[in-house]
Structure formats: C-alpha cells, structure tokens
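# Okay, here's the prediction I keep looking at, along with the sequence it came from:
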Amino acid sequence: MSLDPTPPDARMPPAFRLRPAEPRDTDALVALIVGLAEYEHLTDQLEITSEKLATHLFGPRPVAEALVAEAAGGALLGFALYFTNFSTFLAKPGLYLEDLFVLPEARRVGVGRALISAVARLAAERDYGRFEWSVLDWNEPALQFYRQLGATVLPDWRICRLTGAALQRFRTEP
C-alpha cells in the first residue's frame, strides 16, 4: 500500500507523510489519544498507558494497527487506529476504525482525509467487505467530513457496550 497522501500526478513534497506506527511512536500516540479524549470530553474514561498500547499494537499478538501522519520534523500530527472485524452477512472481514484524530493545528490541510483514505484503501486492497467507524452525534464537523467522503451515517443502529463491572460479571456467570 502506498502511504504517500499526494496523488501520483502531483509529486510535490508533502508537509507530512503517512506510515505504519512503530514502537517508537507509542508515547506520542498516547498523547494524541489524550488529545482525542479531551476533544470528546471523555478524559474520565482514560486508562491508557504506553505499556498497554505497545502490547496491543506491537506485542506478540497484536490486536490493532495504526497509521500515523508525521510532519517533516518527525512530530506526529495525527493517527488512525483500526482493527479487523467480520461480517457474517458478507462472509468477509472488514476494518473498523476505532479512532481518527488530528491535532487542531494540523486540521483542514488534508491530514484526516489522507489517514482515512489510507485505511479505506487498505480495506479495499485486502478485499474486505466493509470499512466502518462510529462518530458522536454532536460532532457535526466530523459528520460533514464523513459524508463528503461518501460515508453513510446509519440512523437505525446503536452501539451496545459491556465494560467494567458489567463485563467482569461474565467471568463467573454460567
């Protein structure tokens, strides 16, 4: 997969480049995730540490992947974290975008579009049946951005989640 966000016919040096996340990015990714939580007013839910993230992205059994947008000087401007899921109806895997975040100062210059386009391209190259994500209903800038990409916002579906004590009860229930 080509991670160059610049179209092939416009080979001017980009202000950023996309690349797969590497272990050296873990601390910067955690800082970006904190920035995302602040934007979404969800910092009270943060339990992330560099060690936890590194285990799940780069450990012996990775369960997620990430792309990062890196500025010319090496600073990370944003990231897309995704993982494989499966559609029983299509009988094919898909990609689920867990999080997409771009620093405020790097927005509106193509970083977010490049990240989401790269993940969509990856899903297409892998012959997956779907590329999905969730968005908060109040996040109108994101909703507009996703609609401009051609995404359908599914009005009839709601996310259900078990977490914390509710999930842990299943350890002992038959």
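Noted; the coordinates are in hand.

# quick one, strands of the chain?
For the chain, the strands defined by DSSP state E cover 16-20, 65-71, 76-87, 92-102, 130-133.

# correct me, but Arg147 touches Val153?
Yes: Arg147 is in contact with Val153 according to C-beta atoms under 8 Å; the separation is 7.0 Å. All C-beta atoms are positioned from the backbone trio N, CA, C, and that covers glycine.

# Just say which of the strands of the chain is most tucked in.
Neighbour counts (mean count of other C-beta atoms under 10 Å) averaged over each of those peak at strand 65-71, with a mean of 22.

# for that strand, packing partners?
With contacts taken as 3 or more C-beta pairs under 8 Å, 6 or more residues apart in numbering; DSSP states H and E, strand 65-71 sits against strand 16-20, helix 26-39, strand 76-87, helix 111-125.

# JSON lines for these, including mean pLDDT?
Formatted as JSON lines, these follow (pLDDT from 0 to 100):
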{"stretch": "strand 16-20", "mean pLDDT": "97"}
{"stretch": "helix 26-39", "mean pLDDT": "97"}
{"stretch": "strand 76-87", "mean pLDDT": "97"}
{"stretch": "helix 111-125", "mean pLDDT": "95"}
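
# okay, these in CSV with distance to Leu136 next?
Listed next are the helices and strands packed on strand 65-71 as CSV, based on distance: least, C-beta to C-beta, whole Å:
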stretch, distance to Leu136
strand 16-20, 25
helix 26-39, 10
strand 76-87, 16
helix 111-125, 15
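
# Figure out which of these is closest to Asp137.
Closest approach to Asp137 among the helices and strands packed on strand 65-71 is made by helix 26-39 (14.9 Å; C-beta to C-beta).
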